[in-house]
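Peer 1: From the sequence below, what's the structure:
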Amino acid sequence: MRDRLLILSVFVVASCGLAYELIAGALSSYLLGDSVLQFSSIIGCYLFAMGAGSHLSRYVKDERVLDTFIEIELLVGVLGGLSASVLFAVFAWSSESFRLVLYALVFLTGCMVGMEIPLVMRALNQRRQSFAELVSRVLTFDYLGALAVSLLFPLVLAPRLGLTRSALLFGIGNVLVALWTCRVFRTELLRPTRQYLRSLVVLLLLGGSFLGSDVLTRWNERAIYGDEIIHAVTTPYQRLVITRWKDDMRLYINGNLQFSSRDEHRYHEALVHPVLANLPWARNVLILGGGDGLAAREVLKYRQVQRVVLVDLDPAMTQLFSTSAPLVALNGGSLRNPRLQVVNADAARWLEQHGDVFDAIIADFPDPSSFALGKLYSVPMYRLLARHLAEHGLAVVQSTSPYHAPRSFWSIDATLKAAGFSTTPYHAYVPSFGEWGFILAAKHPGYQPPQTYRVALRFLDRESTRQMFFFPPDMRPWKVLPNKLNDQQLVHYFEQDWSLVIR
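Peer 2: Presented below is the predicted three-dimensional model:
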């Protein structure tokens, strides 16, 4: 029974060890972007640290194997369990130190985790077990634990508990392993009472932190965003935070500002009306992204539009903006409009699976800050888009800033051209973002900006429209590559552009 419990502990510690790695990768990709780079560097650092920990385990004396195992579990429980809370706090109060603290925590946690399995194997070996059976049983449960957490983390834990609570839960798991080791192997420990008391203290620390994690998360996010947080949720796809200061509401996705209620009308009018003002015959409109319903609000101003299909990946996003009173007031109840159909699906897959043709298509995706988002700005995606656009219809793509991110902006233009579109770039000044860019796409050349608008607008008129389609010398076109799936050049351009702005 003792050996079976020790083997069972392998399953738990393997689950916890992988969980800390996944949490660090997810949190760094949320806060720093470029998920491929973040996960790759975190995994590399973590595996290297585990190797270092395995090497260090050789220096543990035989008579101290179980005592050291308990101490390692407590250290891993504290380091891993509090890792997300500490990293959020560091980012909130000193973002310059974030990377240093991140990799220090990953390395220390990895070292501790790397010592666990060798110590368990030595403890079992002291019981004269067959080496072949020993290795087989330990590695079987090690890999089973890794499989369990790799499925539970993205499907259940991250969306329901969030990163902070998930980390604390796994930290408690490590402490429970320490506690049952104290109880089961009490007669073999050098100082069983001391180890037991230590385990109880750490359990109380992590349990209290788990219960108070919501307060801690709100403090950290309040420091990051500066304003009162009125809604925050972690979904399977992203972290949504809505803040309010006086009459200004703001939406952040994974820490990136999506809109400010004070000036979002400039962005959404510029996105929608240069398309629909030139299509008085348009009846069917497709919106890709735009789960906040703000682009839909502008589209529904046109009475001739009979059907709007809005495809957004995250049901939590569309649910929030169709039920929260202040957000419904902001989008004019567009997501409840009988002319609009909400579809929660991946945009590319939905386009592949449906054959509908639309008079106008509005692509309102988040910026291409990761490879998952970059595919939505690729040549294959735009070729797919063309199949759903009417012969004389118009499409528009939000295209980041031609001033702050010129490589990115003109790469999107080049990508649309490579997909066979005739393009017309333009830009508008949005105070929350600065100069922001859009690219209008058609199957045939000859687009002319509208002179007048048939609906009431707050920002656009004849003169502001004329200025949108004029590019001064400091926003001249760049010679850049189109975005293809095999290299995702756009994501690299985006990182280069915005890293220069941050510096």
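
Peer 1: wait, what's in contact with Asp367?
Peer 2: By Cβ atoms under 8 Å, 6 or more residues apart in numbering, the residues touching Asp367 are 256, 373, 400, 408, 494. (Each C-beta comes from the backbone N, C-alpha and C, glycine too.)

Peer 1: Try it again at 7 Å.
Peer 2: 400, 494 (Cβ atoms under 7 Å, 6 or more residues apart in numbering).

Peer 1: repeat for Trp498
Peer 2: Counting by Cβ under 7 Å, 6+ apart, Trp498 has contacts Ala405.

Peer 1: Assumed it was part of a helix.
Peer 2: Yes: applying DSSP: H, G, I helix; E, B strand; the rest coil, one finds Trp498 inside a helix.

Peer 1: any idea of the pLDDT on it?
Peer 2: Looking at Trp498, its pLDDT is 80.

Peer 1: cool, the one 5 residues further on as well?
Peer 2: pLDDT, the model's per-residue confidence, is 48 for Arg503.

Peer 1: now Arg127
Peer 2: According to the prediction, Arg127 has pLDDT 59.

Peer 1: show me where the stretch 151-300 of the chain has strands.
Peer 2: All strands of the stretch 151-300 of the chain, identified by DSSP state E, counting those that start in this stretch, fall at 228-234, 239-245, 248-253, 256-260, 284-289.

Peer 1: Counting neighbours, what do you get for Val430?
Peer 2: For Val430, the count of nearby residues is 20 (other Cβ atoms under 10 Å).

Peer 1: ok, back up a step: is it possible to get TSV of the strands of the stretch 151-300 of the chain that adds mean pLDDT and distance to Ser94?
Peer 2: Formatted as TSV, the strands of the stretch 151-300 of the chain follow (pLDDT from 0 to 100; distance: least, Cβ to Cβ, whole Å):
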stretch	mean pLDDT	distance to Ser94
strand 228-234	81	20
strand 239-245	88	20
strand 248-253	91	19
strand 256-260	89	20
strand 284-289	97	33
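
Peer 1: Of these, which stretch is the most buried?
Peer 2: With neighbours defined as mean count of other Cβ atoms under 10 Å, those peak in mean count at strand 284-289, which reaches a mean of 25.

Peer 1: Show me what that one is packed against.
Peer 2: Counting contacts by 3 or more Cβ pairs under 7 Å, 6 or more residues apart in numbering; DSSP states H and E, strand 284-289 is packed against helix 294-299, strand 307-312, strand 358-364.

Peer 1: quick one, which of the ones you listed is nearest to Pro338?
Peer 2: Closest approach to Pro338 among the helices and strands packed on strand 284-289 is made by strand 307-312 (10.1 Å; Cβ to Cβ).

Peer 1: could I get the strands of the stretch 151-300 of the chain as TSV with distance to Gly171?
Peer 2: Converted to TSV, these look like this (distance: least, Cβ to Cβ, whole Å):
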stretch	distance to Gly171
strand 228-234	18
strand 239-245	21
strand 248-253	27
strand 256-260	29
strand 284-289	37
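
Peer 1: any idea which element Ala14 lies in?
Peer 2: Using DSSP states H and E, Ala14 sits within helix 2-32.

Peer 1: That helix: which residues count as buried?
Peer 2: For helix 2-32, burial by neighbour count (16 or more other Cβ atoms under 10 Å) applies to 6-7, 9-32.

Peer 1: re earlier: minimum distance to Asp67: which of the helices and strands packed on strand 284-289 has it?
Peer 2: Using Cβ to Cβ, the helices and strands packed on strand 284-289 put strand 307-312 closest to Asp67, at 53.7 Å.

Peer 1: Run through the neighbouring helices and strands of the closest one.
Peer 2: By 3+ Cβ pairs under 7 Å, 6+ apart, strand 307-312 packs against strand 284-289, helix 294-299, strand 340-344.

Peer 1: show me the contacts for Gly332.
Peer 2: Arg297.

Peer 1: still on that earlier bit, show me what the helix holding Ala14 is packed up against.
Peer 2: Short answer (3+ Cβ pairs under 7 Å, 6+ apart): helix 2-32 packs on helix 35-56, helix 65-81, helix 83-93, helix 98-125, helix 131-152, helix 158-184.

Peer 1: Show me the domain layout of this structure.
Peer 2: The chain breaks down into these domains under automatic domain parsing: 2-216, 222-258, 261-502.

Peer 1: quick revisit: Throw the helices and strands packed on helix 2-32 into a markdown table and include distance to His268, thanks.
Peer 2: Output for the helices and strands packed on helix 2-32, formatted as a markdown table (distance: least, Cβ to Cβ, whole Å):
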| stretch | distance to His268 |
| --- | --- |
| helix 35-56 | 27 |
| helix 65-81 | 43 |
| helix 83-93 | 30 |
| helix 98-125 | 33 |
| helix 131-152 | 39 |
| helix 158-184 | 28 |
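
Peer 1: Enumerate every residue touching the residue nearest to Glu188 when sequence neighbours are not counted.
Peer 2: Excluding its sequence neighbours, the residue lying closest to Glu188 (Cβ to Cβ, 6 or more residues apart in numbering) is Leu66, at 5.7 Å. Contact partners of Leu66, counting by Cβ under 7 Å, 6+ apart, are 123, 181, 185, 188-189.

Peer 1: Now, of those residues, which are buried?
Peer 2: Applying 16+ other Cβ under 10 Å to the contacts of Leu66 flags 123, 181, 185, 189 as buried.

Peer 1: so what pLDDT did the closest residue to the third one other than its chain neighbours get?
Peer 2: The one in question is Phe185. Counting by Cβ to Cβ, 6+ apart, Phe185 lies nearest to Leu66, which is 5.3 Å off, once chain neighbours are set aside. You'll see Leu66 listed with a pLDDT of 88.

Peer 1: so how far is Thr452 from Leu271?
Peer 2: Going from Leu271 to Thr452 by Cβ to Cβ, to the nearest Å gives 18 Å.

Peer 1: Tell me which of these two has more neighbours.
Peer 2: Leu271 (24 against 9).

Peer 1: how far away is that one from Leu300?
Peer 2: 14 Å.

Peer 1: Surely Asn174 touches Glu73?
Peer 2: Yes: at 4.7 Å, Asn174 counts as touching Glu73 under the criterion of Cβ atoms under 7 Å.

Peer 1: Show me which of the contacts of Leu66 is closest to Ser369.
Peer 2: The closest of the contacts of Leu66, once distances to Ser369 are taken by Cβ to Cβ, is Thr181, at 43.9 Å.

Peer 1: isn't the closest one right next to Ile70, touching?
Peer 2: Yes: using Cβ under 7 Å, Thr181 is in contact with Ile70, at 5.4 Å.
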